[in-house]
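Visitor: My questions concern the predicted model and sequence given below.
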Amino acid sequence: MRLALPDRIETSRLLLQRLRYEDAEEIFFTYASKPEATKYVSWPTHQSIDDTRKFLRYAREAWMRGTDYSFSIRLRESNRLIGGLGIVNRDGRIEFGYILSPTQWGNGYATEACQAMMKLLKRETGIFRVGTFVDAENIASIRVLLKSGLVEETRLPKWFRFINQENEPKDCILFRLPL
């Protein structure tokens, strides 16, 4: 099942745009190589621009298959890349995640991007679940998810090993979007 997500989504301050090969250096230097930014993600911090290029090859192929839709998050006014947002489609069960440059934390951009995407996902036919999980210590993301209309479903003790946190099992909170 493919989603009918557009290549470009605009909000009042942001532009979410399908990732492109040309984004590699911006992605690497803005967030993918930053340990403080990648602490709570499921993928390893990029050590080289080649890691980012490899991810972009995957992202292009996955978009074409309809299994993963990866977007850059840019400031509309300047077109500056500030983060990314990804939607994984498991035949109508949607998982998502986002990341922002540490220089952009606290400006409401993650909430704005997530709210726009949740609004779109609610309109998609064939989706039966939208959810994500976070490290229980990631208070900022918990706030973003709640402001974006998600609800806490359950707490899962020692549920996930975050590769950038020494692979130690961490307590997580599972969130879902009421559909």
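Guide: Great, that's in hand. Numbering: from 1, shown residues only.
Visitor: Quick check: pLDDT value at Met1.
Guide: pLDDT recorded at Met1 is 85.
Visitor: Same question for the one 4 residues further on.
Guide: Looking at Leu5, its pLDDT reads 95.
Visitor: List the residues that contact it.
Guide: Tyr69, Ile87, Leu120, Glu124 (CB atoms under 8 Å, 6 or more residues apart in numbering). Glycine gets a C-beta too; all of them are placed from N, C-alpha and C.
Visitor: Tell me the spacing between it and Phe96.
Guide: Computed as CB to CB, to the nearest Å, the Leu5 to Phe96 distance reads 11 Å.
Visitor: which residues are in contact with both of these two?
Guide: Ile87.
Visitor: returning to that earlier point: of the contacts of Leu5, which one scores lowest on pLDDT?
Guide: Ranking the contacts of Leu5 by pLDDT, Glu124 lands last with 93.
Visitor: The closest residue in space to that residue that isn't next to it in sequence: what's it in contact with?
Guide: For Glu124, ignoring the flanking residues on the chain, the nearest one in space by CB to CB, 6 or more residues apart in numbering is Leu3 at 5.7 Å. Contacts for Leu3 (CB under 8 Å, 6+ apart) come out as Gly66, Tyr69, Ile87, Asn89, Glu124, Ile127.
Visitor: and these, which of them are in strands?
Guide: Tyr69, Ile87, Asn89 (DSSP state E).
Visitor: ok, the second one - how many residues close by?
Guide: Ile87 has 22 neighbouring residues, counting by other CB atoms under 10 Å.
Visitor: All set now, cheers.
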